[in-house]
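A.B. asks: Give me a model of this one.
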Amino acid sequence: MDIKREDILHLADLSKFALSDKEADSLGKDLDNIIKYISQLDELDTDNIKPTYQVFEMENIWRDDEILEQDAKREDLLALTKEAKNNQIKVPKVL
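C.D. replies: Numbering: from 1, shown residues only. Predicted structure coming up:
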């Protein structure tokens, strides 16, 4: 793939990067090398290879949802607030 200087300058402009002429030339060479390296993957024979979504086995570990006794009581916590209503903490409107 041939990367044109205009393309690099256009991408730099879209990204709001200020590139000198030397930096643009260097970036063009770097991008060309990266694309050549990645294009080596096109040569691989992957006909009989299943897609890999994860490289190691992962499994969700489920546990029973159980309510545990807490040291704090509802009344004690509500007493710490500025204002409570219907056993809930009253807060100012957000919208």
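A.B. asks: pLDDT score for residue 62?
C.D. replies: pLDDT, residue 62: 90.
A.B. asks: whoops, I mixed them up, residue 59
C.D. replies: Looking at residue 59, the pLDDT reads 83.
A.B. asks: ok, how many other residues are close to it?
C.D. replies: Here the count is done by other CB atoms under 10 Å, and residue 59 has 5 residues near it. To be clear about C-beta, it is placed using only N, CA and C from the backbone, and glycine gets the same treatment.
A.B. asks: which ones are touching it?
C.D. replies: Contact criterion CB atoms under 8 Å, 6 or more residues apart in numbering gives no residues in contact with residue 59.
A.B. asks: roughly how far apart are it and residue 50?
C.D. replies: 19 Å (CB to CB, to the nearest Å).
A.B. asks: just residue 78 next, same as before
C.D. replies: Residue 78 is 56 Å from residue 50, by CB to CB.
A.B. asks: more neighbours, those two?
C.D. replies: residue 78 (14 against 6).
A.B. asks: Toward the C-terminus, what is the element adjacent to the host helix or strand of the more buried one?
C.D. replies: Secondary structure from DSSP states H and E places residue 78 in helix 74-79. On the C-terminal side of helix 74-79, the nearest following helix or strand under DSSP H and E is strand 84-85.
A.B. asks: what helices or strands is that next one leaning on?
C.D. replies: Applying 3 or more CB pairs under 8 Å, 6 or more residues apart in numbering; DSSP states H and E, we find strand 84-85 packed against no helix or strand.
A.B. asks: check contacts around the residue nearest to residue 82 when sequence neighbours are not counted.
C.D. replies: Closest residue to residue 82 apart from its sequence neighbours, by CB to CB, 6 or more residues apart in numbering: residue 90 at 7.9 Å. If you count contacts by CB under 8 Å, 6+ apart, residue 90 has them with 81-84.
A.B. asks: What is the most widely separated pair among these?
C.D. replies: Farthest-apart pair in the contacts of residue 90 is 82 and 84; separation 8.4 Å (CB to CB).
A.B. asks: Between these two, which has more neighbouring residues?
C.D. replies: residue 84 (15 against 7).
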